[in-house]
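Visitor: Sequence and predicted model, in that order:
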Amino acid sequence: MSETDRAWIEVSRGNLIHNMKELQRLSGDRCALMPAVKANAYGHGDVLTARILQDAGTDHFCTASADEAVRLRKAGISGEILILGYTSPDVFWKLTRYGLTQTVVDSAFAREISRYCMRSGDGTKIRVHVGVDTGMHRLGIPYGRIGLIEEIWNLEGLEVTGVFSHLCVSDGASDAEEKYTREQIRRFRDVLKHLHAKGIDGFRAHIQGSYGILNYPEYSFDLARPGIALYGCLSSKNDRVKADADLRPVLSLKARIASVKKLAAGESAGYGLTYTAGADRRIAVVTAGYADGIPRSLSNCGTVLVRGRKVPVIGRICMDQLTLDVTEAPGAAAGDEVVFIGCSRRGPGVSCDAALTAEDMAQTAGTITNEILSRLGARLKRIETE
Ligand SMILES: *Cc1c(COP(=O)(O)O)cnc(C)c1O
């Protein structure tokens, strides 16, 4: 297959839908999921991922930027698409042209949207969700500035369909982190109560991302915005969550062996000659590198699978290639599949002799799974599998 000639990603439709159902179960019937498909759906391929989810009944999505949202619209995604980040007034026209929903990042921004709509003079309306800052101090109107929050409903041109906030320590297990999260939720509920008391409603409220669902499933709002958990991962291998959720990795990352050769004891390999063979070794050159999203920090310390066995990355990872020591993977040959994330078999029969997760790679690289996945390269083909 030409898609699997060099380096590619396999996206399991079954596991994605399974995770969606698990998160829906935890969120309760009256909460709709609004999957985060930003950053190319955490590397999985945004159009491919959103299509699978839409076919399975999802009709809310969130992206980071207007262009990500436009891409989904052009690909036939028809539900509400919320842009979580800032959009420049220069491209507000995209919001109306493609029927997108914009986050109100602060009150000055809301007035900017209103001015734009009024200037157009043709009754242009822009749909928004109001961001409320409950303690992260990133985007949103501070929860205490209730007057500024209320004002949004009086601005001409804005049609408010949502109010949301974001939790910043919901992944933490410490008492202090739990206390802070519950305080954020309390502040958010206060804002909602206040709005309802003023007769303002007809909007959807949401605050939980993956860890908000997994660690605080007892709270349920109108929407929830899972990202990383939907892709079957936790941010870190050592994270423990309260909910009993069966999450299955959606993505596999694979490449091929280009060439196998011998390295005699004392010989070195790669840029900088950072690896020297202590004994005679068989090494394999692989068709993926840091431009594909394999962190260069895995030079001389990463682990991958060949023929169902774990083998080490040796030498420096290059832009488009890297090198393995395949001495312990008997028979390794040009054309063999190399698995960075996913399952590998020793031969036909068993489905999985060894597996590596995105969490494993993130841990070795000293980062979180979210970064590993979202940086997977544009050059990788995304293939849908069962
Ligand atoms: C990225 C993002 C999410 C999804 O976060 P996960 O931790 O991956 O579930 C939800 N809400 C906002 C505002 C985000 O930026």
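Guide: Perfect, I can see it now.
Visitor: Just read off the phi/psi values of the nearest residue to Pro249 once chain neighbours are set aside.
Guide: Nearest non-adjacent residue to Pro249, counting by Cβ to Cβ, 6 or more residues apart in numbering: Gly232, 4.2 Å away. Every residue, glycine included, has its C-beta placed from N, CA and C. The phi and psi values for Gly232, taken as degrees, to the nearest 10, are phi 80, psi 20.
Visitor: pretty sure Gly232 contacts Arg248?
Guide: Yes. Gly232 sits in contact with Arg248 when judged by Cβ atoms under 8 Å, with a separation of 4.7 Å.
Visitor: any idea of the pLDDT on the residue nearest to Pro249?
Guide: Per-residue pLDDT puts Gly232 at 98.
Visitor: what does the one 5 residues further on give?
Guide: Reading off the confidence values, Lys237 has pLDDT 96.
Visitor: And for Met1?
Guide: pLDDT, Met1: 66.
Visitor: Now the chain against the ligand: closest residue?
Guide: Gly227 (2.5 Å; Cβ to the nearest ligand atom).
Visitor: Run a quick neighbour tally on that residue.
Guide: 22 (other Cβ atoms under 10 Å).
Visitor: now Glu386
Guide: Neighbours of Glu386 (other Cβ under 10 Å): 7.
Visitor: Could you do Val260 as well?
Guide: 17.
Visitor: near the ligand, which residues of the stretch 1-150 of the chain?
Guide: Ala36, Lys38, Leu84 (Cβ under 6 Å from any ligand atom).
Visitor: So the last one sits against Ala64, correct?
Guide: Yes. At 5.6 Å, Leu84 and Ala64 qualify as touching, with contact defined as Cβ under 8 Å.
Visitor: So for the two, which residues contact both of them?
Guide: With contacts defined as Cβ atoms under 8 Å, 6 or more residues apart in numbering, the residues adjacent to both Leu84 and Ala64 are Lys38.
Visitor: what about the two, which has more around it?
Guide: Leu84 (21 against 16).
Visitor: At which residues are the strands of the stretch 101-250 of the chain located?
Guide: For the stretch 101-250 of the chain, the strands defined by DSSP state E, counting those that start in this stretch cover 101-104, 126-133, 141-142, 158-164, 204-206, 223-224.
Visitor: Please tell me I have it right and Glu151 contacts Asp106.
Guide: No. With contact defined as Cβ under 8 Å, Glu151 does not reach Asp106; the gap is 11.7 Å.
Visitor: These two: who's more crowded?
Guide: Under the neighbour definition other Cβ under 10 Å, Glu151 and Asp106 were set side by side, and Asp106 has more, 18 against 14.
Visitor: Low-confidence regions, this protein specifically.
Guide: For the chain, applying pLDDT under 70 flags the ranges 1.
Visitor: Chain neighbours aside, what residue packs nearest to the most centrally placed residue in the chain?
Guide: In the chain, the residue lying closest to the centroid (Cα atoms, centre = their mean) is Tyr42, at 3.1 Å. Spatial nearest neighbour of Tyr42, chain neighbours left out: Leu373 (4.3 Å); criterion: Cβ to Cβ, 6+ apart.
Visitor: next structured bit after the strand or helix carrying the one you found?
Guide: Element membership for Leu373 (DSSP states H and E) is helix 369-374. Scanning forward in sequence from helix 369-374 by DSSP H and E, the next helix or strand is strand 381-385.
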